[in-house]
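*Asks:* Here is a sequence together with a model predicted from it:
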Amino acid sequence: MIATRGLRRRVLAGRVSRPCVAALLILLSVMIAQAAIDPRTLPVSSDLARRLQTHVQYLASPELQGRKPGTPGNRKAADYLAARFRELGLAPLPSLNGYRQPVSPALGDNLIAVRPAATGSSSRWLLLGAHYDHLGGVYLGADDNASAVAILLETARTLPPLDHPVLFVAFNAEEPPYIRTPSMGSQYFTDHLPPEIGAPSNLQAVVIMDLMGGVHWDPLKDVMFTAGAEQSPGLYRRVKESAAPHLTVLPVGMHLVEEIPLLGQVSFSDYDAFRNVRVPFVFLSSGRTPRYHQPTDLPDTLHYERMAATVTWLHSLLSGIDRDRQPYRVEPGRIEFADEVASLRPIVERAAAWETRIPGTSPMSFWKLQRDRDWLQTVNPASPAPDDIRRLERTSIRMQCLLADFPGCFLF
């Protein structure tokens, strides 16, 4: 404010040109810090939100030391999940003699539980999954991924009976160095499907959750993102018609998540193991925040009421999928460009206004976001050219970079 007043006095004295003043004021306004949401101020008032919080507080406690695969903390997390599965009355798969599917003696287990079909009439399975491991040490992993495991448990607790049997799977060994390797828990699962499931084609649909509780920027406080279903038209229809109070779920498309400039396609979570065997899937996430893979990813930094709303949304989604008897068609590479533009346009508009910009946005990134905003207002969503698709991918990656407070976001 003092600098602005001084500049104004110089303008009135005629020593600075008006175009220069306008540019300097814009630069100054962009550089003023924009406050991030303090998650500790968000209420945790519903019983469901409090149960979710209890799960996260244990899984991301110092006692478990970050749940790194192969460690005592990882085994304690597995014990906790097995105990909760028993409390919820979920069944183990007979071929496993319990809830555990060993991945390796060095890493530990996947945890698998079943809600049998209400009628016993379907031989096809639904699967809700999330990884429970993290980096270990001072990295306790509340958002990544205790948040999703908590939602998995509470969805299992509250989901009404369905005509499909439902698998609730907590995967191990998703974090580096195991991601995208045969040792990744979800990859091991698809490579060694229990005989009760048989072939990947017997999975009607898979819902994978990762980073479900983080909150940083006010315009996304009550938003979840979904990707992957666009490659299965029937499943995508169910995603779009699902709803829950106080939650907005925006489709963004896998290519907007994975297409990294100079690197190409990079997968980021357990959905990849199912995509590789052509299983229809939904990837659900609230996205990265500056606490991603940091010691600051702690239980008091999550938005538990939004997580509770997500449980309700999953009821709607899984109940919708349950009404479909025919296998979903899979069309790799299929996109829904008009829906992606509709999802990103209002978010980019908020990020490109200095009053509502993402905390930490640099002047160069702010300028690029304004150009992205102007382009989104003119692009034809019904008939995208290849350059339009690439431009939307760049815009999406820039937004993700800024939301996680990564350096060099203006380079995208």
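*Replies:* Arrived safely, thanks for sending.
*Asks:* Helices along the stretch 301-412 of the chain, start to end?
*Replies:* For the stretch 301-412 of the chain, applying DSSP state H, counting those that start in this stretch gives helices covering 304-322, 337-351, 363-378, 386-403.
*Asks:* Could you chop the chain up by domain?
*Replies:* 40-322, 337-411 (automatic domain parsing).
*Asks:* ok, back up a step: could you identify which of the helices of the stretch 301-412 of the chain is most buried?
*Replies:* Most buried of the helices of the stretch 301-412 of the chain, by mean neighbour count (mean count of other CB atoms under 10 Å): helix 304-322, with a mean of 22. C-beta coordinates here come from the backbone N, C-alpha and C atoms, glycine included.
*Asks:* Using PDB, write out the CA atom coordinates for it.
*Replies:* The C-alpha trace of helix 304-322 is given here as PDB (Å, rounded to 0.1, in the frame of the first residue of the first chain):
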ATOM      1  CA  TYR A 304     -13.300 -33.800   6.000                       C
ATOM      2  CA  GLU A 305     -16.700 -32.600   5.100                       C
ATOM      3  CA  ARG A 306     -15.900 -32.700   1.400                       C
ATOM      4  CA  MET A 307     -14.600 -36.200   1.900                       C
ATOM      5  CA  ALA A 308     -17.900 -37.000   3.600                       C
ATOM      6  CA  ALA A 309     -19.700 -35.600   0.500                       C
ATOM      7  CA  THR A 310     -17.500 -37.800  -1.700                       C
ATOM      8  CA  VAL A 311     -18.800 -40.900   0.200                       C
ATOM      9  CA  THR A 312     -22.300 -39.900  -0.700                       C
ATOM     10  CA  TRP A 313     -21.300 -39.300  -4.400                       C
ATOM     11  CA  LEU A 314     -19.700 -42.800  -4.500                       C
ATOM     12  CA  HIS A 315     -23.000 -44.200  -3.400                       C
ATOM     13  CA  SER A 316     -24.700 -42.500  -6.300                       C
ATOM     14  CA  LEU A 317     -22.000 -43.600  -8.800                       C
ATOM     15  CA  LEU A 318     -21.800 -47.300  -7.700                       C
ATOM     16  CA  SER A 319     -25.500 -47.600  -7.600                       C
ATOM     17  CA  GLY A 320     -25.700 -46.200 -11.100                       C
ATOM     18  CA  ILE A 321     -23.100 -48.700 -12.400                       C
ATOM     19  CA  ASP A 322     -24.900 -51.500 -10.600                       C
END
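*Asks:* now Leu159: how far from Ile321?
*Replies:* Separation of Leu159 from Ile321 (CB to CB, to the nearest Å): 12 Å.
*Asks:* Just say which of the domains of the chain is most tucked in.
*Replies:* domain 40-322 (a mean of 20).
*Asks:* what distance separates that one from the middle of the whole chain?
*Replies:* Remark: domain 40-322 is offset 9 Å from the chain centroid, using CA atoms, centre = their mean, to the nearest Å.
*Asks:* measure it end to end?
*Replies:* 37 Å (CA to CA, to the nearest Å).
*Asks:* Three-state assignment for Leu127, please.
*Replies:* Under DSSP: H, G, I helix; E, B strand; the rest coil, Leu127 falls in the strand class.
*Asks:* Just put the domains of the chain in a markdown table and tack on distance to Glu331 and mean pLDDT.
*Replies:* Putting those into a markdown table (distance: least, CB to CB, whole Å; pLDDT from 0 to 100) gives the following:
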| stretch | distance to Glu331 | mean pLDDT |
| --- | --- | --- |
| domain 40-322 | 6 | 96 |
| domain 337-411 | 14 | 95 |
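*Asks:* For Val330, which of these is the nearest?
*Replies:* With CB to CB as the criterion, Val330 lies closest to domain 40-322 of those, at 4.9 Å.
*Asks:* roughly how far apart are the residue nearest the centre of the chain and Ala173?
*Replies:* Closest to where the C-alpha atoms of the chain average out (CA atoms, centre = their mean) is Ser285, at 1.5 Å. With distances taken as CB to CB, Ser285 is found 19 Å from Ala173.
*Asks:* Would you agree Leu284 falls within a strand?
*Replies:* Yes - assessed by three-state DSSP, Leu284 belongs to a strand.
*Asks:* didn't Ala78 look like it was pressed against Leu107?
*Replies:* No - judged on CB atoms under 8 Å, Ala78 makes no contact with Leu107 at a distance of 10.8 Å.
*Asks:* Spell out which residues are contacts of both of the two.
*Replies:* Taking CB atoms under 8 Å, 6 or more residues apart in numbering as the criterion, Ala78 and Leu107 both touch Asn172.
*Asks:* I'd guessed Leu111 sits against Gly98; true?
*Replies:* No - the pair Leu111 / Gly98 is not scored as a contact, 9.5 Å apart, by CB under 8 Å.
*Asks:* related to what we said a few turns ago, let me know which of the helices of the stretch 301-412 of the chain is the nearest to Gln265.
*Replies:* The nearest among these, by CB to CB, is helix 386-403 at 10.4 Å.
*Asks:* just how off-centre is the closest one within its chain?
*Replies:* Distance, centroid of helix 386-403 to centroid of chain: 17 Å (CA atoms, centre = their mean).
*Asks:* Which neighbouring elements make contact with it?
*Replies:* helix 254-258, strand 259-260, helix 337-351, helix 363-378 (3 or more CB pairs under 8 Å, 6 or more residues apart in numbering; DSSP states H and E).
*Asks:* Out of those, which is closest to Leu247?
*Replies:* That would be helix 337-351 among the helices and strands packed on helix 386-403, by CB to CB, at 14.3 Å.
*Asks:* what helices or strands is the closest one leaning on?
*Replies:* Using 3+ CB pairs under 8 Å, 6+ apart: helix 337-351 touches strand 248-251, helix 363-378, helix 386-403.
*Asks:* got a markdown table for the domains of the chain, with distance to Tyr328 too?
*Replies:* Formatted as a markdown table, these follow (distance: least, CB to CB, whole Å):
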| stretch | distance to Tyr328 |
| --- | --- |
| domain 40-322 | 4 |
| domain 337-411 | 18 |
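*Asks:* This completes my enquiry, with thanks.
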